[in-house]
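Chemist: What would the 3D arrangement of this be:
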Amino acid sequence: MGFFEKLKSGLSKTRQNFTARITELVGMSAKVDEDFLEELEMILLTADVGVKTTEKLIEDVRQAAKKREIKGTEDVLPFLKKQIAAMLKDDGVRTRIGAHPTVILIVGVNGVGKTTTIGKLSNYFRLFNYKVMMAAGDTFRAAASAQLKIWGERAQCDVIAHEEGADPAAVVFDALKAAKARNVDVLCIDTAGRLHNKVNLMNELGKIDRIIKREIPEAPHEVFLVLDATTGQNAITQAKVFTETTKVTGVVLTKLDGTAKGGVVVAIREELGLPVKWIGVGEGIMDFRPFEPEKFVDALFATEETDAE
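Modeler: From the prediction side, this is the model:
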């Protein structure tokens, strides 16, 4: 199964919760009136598109119906597809590997799949013949370093780790030194997600950032916030805490397969102004790719006919 098929299959629950329900609503409604818009609003909110984004889309549909851009209810789904595609449109800039090493800092709460993300991200770059190193900066969580070492073996990458409970900044410092000495192309740094309040989080990430900048002034080149798609709107709340404490450059959305809350991709872009850069659609090491908005929208709006192709 190719990645697009996997994405389409992974979004099936979101489609049932979103596209299929809108299609059903269209079949039951004669015109785009306030009753129709109210029902549509509920569908969008249930799919975790977010309050702000839902309000915007509903107003867009209302205005388009007034201007006769939408002539009947059957025009609503193609119109929404176009609007969501426009919302998700990005500048096309992927993760660029330029500096040696290019430093990628991975942040997020525990349980979202940070360590797995680092493993899969490292493997992806290695497949393009980049020399990759991982740093086990999460020294709080039991077995985090051991888990990263397993991923290091799978992705055939060096892992710099200290003992459990060590100072994360010391791990990062050693990793930066090792990455420069070994002529590494990409250094992926794991961080702790078990910090209970914003002050601790700010202090921890601030210290790591200072260490990185002391060694490589223009780094980190990317700060990826890992979010779990299955948490829907909670992911937005989490993201706000991290965007207030560190300069997030993009989002990695994990567990997009098997969730009915795939609409959160739109909310992340629209409500946080953050691009989704990478997505995970399965357990496998290859079920992880750069996010392509057009393909996501095509998969989200795929019909029964395209499913059968």
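Chemist: What is the neighbour count of residue 66?
Modeler: 10 (other CB atoms under 10 Å). All C-beta spots, glycine's among them, are computed from the backbone N, C-alpha and C.
Chemist: swap in residue 189?
Modeler: Neighbouring residues of residue 189 were enumerated by other CB under 10 Å; the total is 28.
Chemist: The closest residue to it other than its chain neighbours bridge partners, please.
Modeler: The shortest distance from residue 189 to any residue other than its chain neighbours is 4.4 Å, reached at residue 135 (CB to CB, 6 or more residues apart in numbering). When bridges are assigned using DSSP bridges, the partners listed for residue 135 are residue 160, residue 189.
Chemist: Now do the same contact list for residue 135.
Modeler: Taking CB atoms under 8 Å, 6 or more residues apart in numbering as the definition of contact, the neighbours of residue 135 are 159-161, 171-172, 174-175, 187-190.
Chemist: any idea where the strands of the stretch 51-200 of the chain begin and end?
Modeler: Assigned by DSSP state E, counting those that start in this stretch, the stretch 51-200 of the chain shows strands spanning 102-107, 132-135, 158-160, 186-189.
Chemist: what is the mean pLDDT for the longest one?
Modeler: Yep, that's strand 102-107 we're talking about. Per-region confidence: strand 102-107 scores 96 on mean pLDDT.
Chemist: now what about that strand, what contacts it?
Modeler: Contacts of strand 102-107 with the rest of the structure, by CB under 8 Å, 6+ apart, involve 95-96, 114, 117-118, 121, 176, 179, 185-191, 193, 205, 208-209, 212, 216, 219-226, 242, 246, 248, 252.
Chemist: got any ranges where the stretch 151-300 of the chain has weak pLDDT?
Modeler: Counting by pLDDT under 70, the stretch 151-300 of the chain contains low-confidence residues at 194-196.
Chemist: give me that answer again for 50
Modeler: Counting by pLDDT under 50, not a single residue of the stretch 151-300 of the chain qualifies.
Chemist: ok, which stretches of the stretch 201-309 of the chain are strands?
Modeler: Going by DSSP E, counting those that start in this stretch, the stretch 201-309 of the chain shows strands at 222-228, 250-254, 276-280, 288-290.
Chemist: For the longest one, which strands pair with it and how are they oriented?
Modeler: Looking at strand 222-228 with DSSP bridges, its paired strands and their directions are strand 102-107 (parallel), strand 250-254 (parallel).
Chemist: Ok, which of those strands comes nearest residue 41?
Modeler: Proximity of the strands paired with strand 222-228 to residue 41 was assessed by CB to CB; the nearest stretch is strand 250-254, lying at 23.9 Å.
Chemist: With just CA atoms, put that closest one into CSV.
Modeler: What follows is strand 250-254 as a C-alpha-only set of coordinates in CSV (Å, rounded to 0.1, in the frame of the first residue of the first chain):
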residue,chain,number,x,y,z
GLY,A,250,6.3,23.4,12.5
VAL,A,251,4.1,20.6,13.7
VAL,A,252,4.5,16.9,13.5
LEU,A,253,1.1,15.2,13.7
THR,A,254,1.2,11.6,14.8
